[in-house]
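Asks: Fold the following.
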Amino acid sequence: MTATPPDVLRCAYAELVVTDLAASRAFYVDVLGLVVTHEDSSALYLRAFEEYLHHSLILRKGPTAALAVLAYRVRSAADLDLADAYYRSLGCRVERRAAGATRGIGEAVRVIDPLGFPVEFFHEAEHVERFTQRYDVHGAGALSRLDHFNLDTPDVPAARRYYEGLGFRVSEDIQDDEGTVYAAWMFRKPTVHDVALTGGDGPRLHHIAFASHERHQILHICDHLGALRKPGMIERGPGRHGVSNAFYLYVRDPDGHRIEIYTHDYYTGDPDNPVITWDVHDNQRRDWWGNPVVPSWYTDASVVLDLAGAVAPVVARAEPREADVTIGADGFSFSAGSAEFKLGEQV
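Replies: Numbers count the residues shown, from 1 in each chain. Here you go, the predicted model:
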């Protein structure tokens, strides 16, 4: 019998392994504007302007760029015992971590979840200054908070059932007429998602996302990268999603980790919040304006580490892939007539 799950509040922080800490600092601090809580020769601990917990992103120097852990905050210290028992009942590897094992974080439970991702649950964390009204240090592209994780996983329905077992609810998904599920967006805090499940080879990290308050802050980041003569770090956007309605930008850090900057999604907190299902062939699902999605957005993602620090094996998706079955906002286009084609086939 499965034990009672922990009461998850929200996505709280991620730890990425990067190969060049100085280059990463230049990107995350100088361009994206994240606040440095602590730094040393091996790691950077960063937060956005509205955050008062010690960090929402750790960048740790290592030989292989990868995701080291995704962390969720739970409601109380008692939820750590629930997390321990819950994951042991699922047959998962579980580790208890003493307070301070991660700088700024109290006692925690770290697991390899049923999807193969390294996940941590914690409640206590060190408080630091919240910079909400420190306009003297806000840049024009100021980021307000961590918003969500997006995970590549081969079996989206199985991943959805797992997260529903943790009390997450679905806000939106993408399906076809045959019932194949290509992606699902799930939440605990009352926004569109804390975690998105994207059908693909996995476990891999598709991206982590930070929220801004205004669209112009996203545009400033584009201008900043342009001024640095580094437009190649912009992978996709700016644009507006169909799913979530959010204004977005995807950038790639010096190691290729994908970061989304995201604003203007919607409230989902009522218990009868309706699920929105998009047809995989809808040209506006990934970009409301019908703009193309570069192929790398579908194919590229960060590998993940197990609890011993080794790269986890990747399992191929067996079901159809979204980029292979759609025409429209997938890097291709519609024809002028009634028939559809993938751009390039007519050349």
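Asks: make it CA atoms for all contacts and neighbour counts henceforth
Replies: Will do.
Asks: For stretch 194-213, the averaged confidence score.
Replies: Mean per-residue pLDDT for stretch 194-213: 98.
Asks: same question, stretch 252-268
Replies: 97.
Asks: Could you pull out the buried residues of that stretch?
Replies: Within stretch 252-268, the residues that count as buried by 16 or more other C-alpha atoms under 10 Å are 252-255, 257-265, 268.
Asks: And stretch 8-27, by the same measure?
Replies: Per 16+ other C-alpha under 10 Å, stretch 8-27 contains these buried residues: 8-21, 24-25, 27.
Asks: and that stretch, how far out from the chain's middle?
Replies: Between the centre of stretch 8-27 and the centre of its chain there are 12 Å (C-alpha atoms, centre = their mean, to the nearest Å).
Asks: How about stretch 301-320?
Replies: So, by C-alpha atoms, centre = their mean, the centroid of stretch 301-320 is 15 Å from its chain's centroid.
Asks: Now do it: everything it contacts.
Replies: Surrounding stretch 301-320, the residues in contact under the criterion C-alpha atoms under 8 Å, 6 or more residues apart in numbering are 65-69, 111-112, 116-118, 152-155, 180, 199-207, 256-258.
Asks: If any of those are buried, put those into a ChimeraX selection.
Replies: This is the ChimeraX syntax for the buried subset of the contacts of stretch 301-320, where burial follows 16+ other C-alpha under 10 Å:
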select :65,66,67,68,69,111,112,116,117,118,152,153,154,155,180,199,200,201,202,203,204,205,206,207,257,258
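Asks: Tell me who's in contact with the nearest residue to Leu34 once chain neighbours are set aside.
Replies: Of all residues not flanking Leu34 in the chain, Ala48 sits nearest, at 5.2 Å (C-alpha to C-alpha, 6 or more residues apart in numbering). Ala48 sits next to 33-35, 56, 142-146 when contact means C-alpha under 8 Å, 6+ apart.
Asks: residues near Ala78, how many?
Replies: For Ala78, the count of nearby residues is 12 (other C-alpha atoms under 10 Å).
Asks: need the longest strand for the chain.
Replies: Criterion DSSP state E: the longest strand present in the chain is strand 8-18.
Asks: From the buried residues of stretch 252-268, pick the one nearest Ile221.
Replies: Ile261 (9.2 Å; C-alpha to C-alpha).
Asks: contacting residues around that closest one?
Replies: Neighbour list for Ile261: 209-212, 218, 248-250 [criterion: C-alpha under 8 Å, 6+ apart].
Asks: Provide the partner residues of it in its beta bridges.
Replies: Phe210, Leu249 (DSSP bridges).
Asks: same check, this time on Cys11
Replies: With DSSP bridges as the criterion, Cys11 is bridged to Tyr72.
Asks: Show the contacting residues for it.
Replies: With C-alpha under 8 Å, 6+ apart, Cys11 has these contacts: 70-73, 146-149, 194-195.
Asks: what's the pLDDT at it?
Replies: Among the per-residue scores, Cys11 shows a pLDDT of 98.
Asks: how close does it sit to Leu143?
Replies: Remark: distance between Cys11 and Leu143 (C-alpha to C-alpha, to the nearest Å) = 16 Å.
Asks: and if you look at Ala66?
Replies: Applying C-alpha to C-alpha to Ala66 and Leu143 gives a distance of 23 Å.
Asks: can you check Arg204 too?
Replies: Distance from Arg204 to Leu143, counting by C-alpha to C-alpha: 25 Å.
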